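[1] I'll drop the sequence and a predicted model, then ask my questions.
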Amino acid sequence: MEKFTVTVLVAIALLMFSCKGKSVGDDGVESQNEQEWTDSPENTDQTESTTEATVDISELKAYQYSWSENDKMPPLVIVIDDFGQSSGQLLEDFAALPREIAFAILPDLPHSQTSARLADKTSHEVLIHVPMQPVDNSANPGKRYIKSGMEQAEIADLLQEFYAQMPNAIAANNHMGSAATADYATMNYVLQELDELGLFFLDSATTGKSAVPAAALKLGQKTAKRDIFLDVPDNSDATLIGKIQSLGKYKGRNEPVVIITHCHTRDKLIALQKFIAQISDMGIELIPPSKMYKKLASPA
């Protein structure tokens, strides 16, 4: 009875919230809150294995979502950021997720190449999670990262070195980068070099001032942009309900919906498993980034 009462209260709260015209998963709100998403890896010694079959999604299913059968829902793309810091059972369990889900791997970390090899072995596509300069100088993007004002040759060398660590990568996205991605010259160089490497760019959208669209248009390149951070502000069922409810606003859109989450803890894995189980139950298609890229319209 207590569980039922909590579920009903959550549902009522979300319904009241949605009536105000903004959902928990509104990308404008998330972009503002995620100006400096740190992506800091957290150490965890949790070793127990958790599979989708054992995940309880009753709290999510208790909420009745409203969907119109006449509106087409675009497919979803899910990218998990920040691989490379740890290995072991948690990494293995992330690798057991559906193969459509992509791994965004930070370079220069102890298990960057281990993560890339495991992703390849389990048929997960890989993105280079490129460290980039944030606006907040107190945030630490890593020892080597792309800064605004860097020379083109320096950017090219750094991206080539990152790519050498994970040559199975099919794309790249930014780690932090609210300063670097807002700089047109910097992103022009980044996109040029990624194109030389045969990679496309997925903008993690950590700033509302991104120069990526303008640079990509000038270069005639297709790029994608993150729509939702799944694990913001937390991994609770209430947050997941809000994110799922917010998917309705994308009905009729041609471009797939891009969702980013993170690999730091088992709680994040369980939340992602719940989300996948729910969207599968709702009949929403999940596709890998490479298939998304083919669906993107070429710049005019």
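    Cool, the structure landed.

[2] pLDDT score assigned to residue 24?
    Predicted confidence (pLDDT) for residue 24: 28.

[3] so who does the spatially most central residue of the chain touch?
    By Cα atoms, centre = their mean, the chain has its centre lying nearest to residue 260, at 1.7 Å. Residues in contact with residue 260 (Cβ atoms under 8 Å, 6 or more residues apart in numbering) are 78, 79, 80, 81, 104, 173, 204, 226, 228, 229, 230. Heads up, the C-betas are built off the backbone N, CA and C, glycines and all.

[4] could these go into CSV alongside distance to residue 136?
    CSV is the format used below for the contacts of residue 260 (distance: Cβ to Cβ, whole Å):
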residue, distance to residue 136
78, 27
79, 23
80, 23
81, 18
104, 21
173, 19
204, 15
226, 19
228, 22
229, 17
230, 22
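
[5] pull the CA atoms of the strand or helix carrying the residue nearest to the centre of the chain into CSV?
    Using DSSP states H and E, residue 260 maps to strand 257-262. This file holds the C-alpha atoms of strand 257-262, laid out as CSV (Å, rounded to 0.1, in the frame of the first residue of the first chain):
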residue,chain,number,x,y,z
VAL,A,257,16.2,11.6,-30.2
VAL,A,258,19.7,11.5,-28.7
ILE,A,259,20.0,10.5,-25.0
ILE,A,260,23.2,10.6,-23.0
THR,A,261,23.8,8.9,-19.6
HIS,A,262,26.9,7.9,-17.7
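
[6] now the element after that strand, going C-ward?
    helix 266-281.

[7] what sits against the nearest residue to residue 166 once chain neighbours are set aside?
    Counting by Cβ to Cβ, 6 or more residues apart in numbering, residue 166 lies nearest to residue 116, which is 3.9 Å off, once chain neighbours are set aside. Contact analysis of residue 116 by Cβ under 8 Å, 6+ apart lists 103, 105, 126, 165, 166, 168, 169.

[8] swap the cut-off to 6 Å and go again
    105, 126, 166 (Cβ atoms under 6 Å, 6 or more residues apart in numbering).

[9] how big is the angle separating the strand holding residue 260 from helix 266-281?
    160 degrees (axes from the mean of the first three to the mean of the last three Cα atoms, to 10 degrees).

[10] quickly run through the sheet partners of strand 257-262, with directions.
    strand 76-83 (parallel), strand 228-229 (parallel) (DSSP bridges).

[11] could I get the ones you listed as CSV with distance to residue 90 and mean neighbour count?
    Shown next, in CSV, are the strands paired with strand 257-262 (distance: least, Cβ to Cβ, whole Å; neighbours: other Cβ atoms under 10 Å):
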stretch, distance to residue 90, mean neighbour count
strand 76-83, 10, 26
strand 228-229, 20, 22
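
[12] rewinding a little: a markdown table for the contacts of residue 260, including pLDDT and distance to residue 87?
    Below are those laid out as a markdown table (pLDDT from 0 to 100; distance: Cβ to Cβ, whole Å):
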| residue | pLDDT | distance to residue 87 |
| --- | --- | --- |
| 78 | 99 | 21 |
| 79 | 99 | 20 |
| 80 | 98 | 15 |
| 81 | 98 | 17 |
| 104 | 99 | 16 |
| 173 | 98 | 22 |
| 204 | 98 | 24 |
| 226 | 97 | 26 |
| 228 | 98 | 28 |
| 229 | 98 | 25 |
| 230 | 98 | 23 |
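
[13] that older thread, and the strand holding residue 260, how far out from the chain's middle?
    Centre-to-centre, strand 257-262 and its host chain are 3 Å apart (Cα atoms, centre = their mean, to the nearest Å).
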